[in-house]
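S.K.: here is a sequence together with a model predicted from it:
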Amino acid sequence: MTTLIPEDDNRAGKDAPLRHDIRMLGDALGQAIQQHEGTTVFETVEQIRRKCKLLRTCGEALISASGTEATQIQQEIAALGQEIASIVDGCDLDTTIDVIRAFTIYFHLVNTVEQHHRTRRYNYEAITSSTPLHGSLAALV
């Protein structure tokens, strides 16, 4: 995992190492799925993942939408939900179990990377900050 922390204060810059690590482990998981479970499981996972990303994007767009735009986005959300349900309904039991397992492993990896990233950011702040970190022993003294 990368250990670089950008010096800029913007959120995107600070989270770049996190996104890099998630992408790297996601790619490794995808390769492992292809190698051990086959392309059918991998393609099913990827289809669901892509549809869920679109669903999240639509949900974010819906927050600021109004009128006919909001209605159109709601229809797109409903269609994506139906497409995801259709993909899942089309899976046999073994594929469904493998897909669930793949998403479970992915989110476990993401949680682990986020914990590592918080530690990395905390250590970076502790090293570079001229004032004691809030909640640290030095801040109490």
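M.R.: Arrived safely, thanks for sending.
S.K.: relative to residue 121, how far out is residue 111?
M.R.: Here residue 111 is placed at a distance of 16 Å from residue 121 (C-beta to C-beta, to the nearest Å). Bear in mind the C-beta positions are built from the backbone N, C-alpha and C, glycine included.
S.K.: who has more neighbours out of the two?
M.R.: For residue 111 against residue 121, the residue with the higher neighbour count under other C-beta atoms under 10 Å is residue 121, and the figures read 15 against 10.
S.K.: let's verify that one: helix, strand, or coil?
M.R.: Three-state call for residue 121 (DSSP: H, G, I helix; E, B strand; the rest coil): helix.
S.K.: what residue is smack in the middle of this structure?
M.R.: Centroid-nearest residue in the chain, with C-alpha atoms, centre = their mean: residue 110, separated by 6.5 Å.
S.K.: nearest spatial neighbour of residue 25, chain-adjacent residues omitted?
M.R.: Excluding its sequence neighbours, the residue lying closest to residue 25 (C-beta to C-beta, 6 or more residues apart in numbering) is residue 109, at 4.7 Å.
S.K.: give the contact list for that neighbour.
M.R.: Taking C-beta atoms under 8 Å, 6 or more residues apart in numbering, we find residue 109 in contact with 22, 25, 26, 29.
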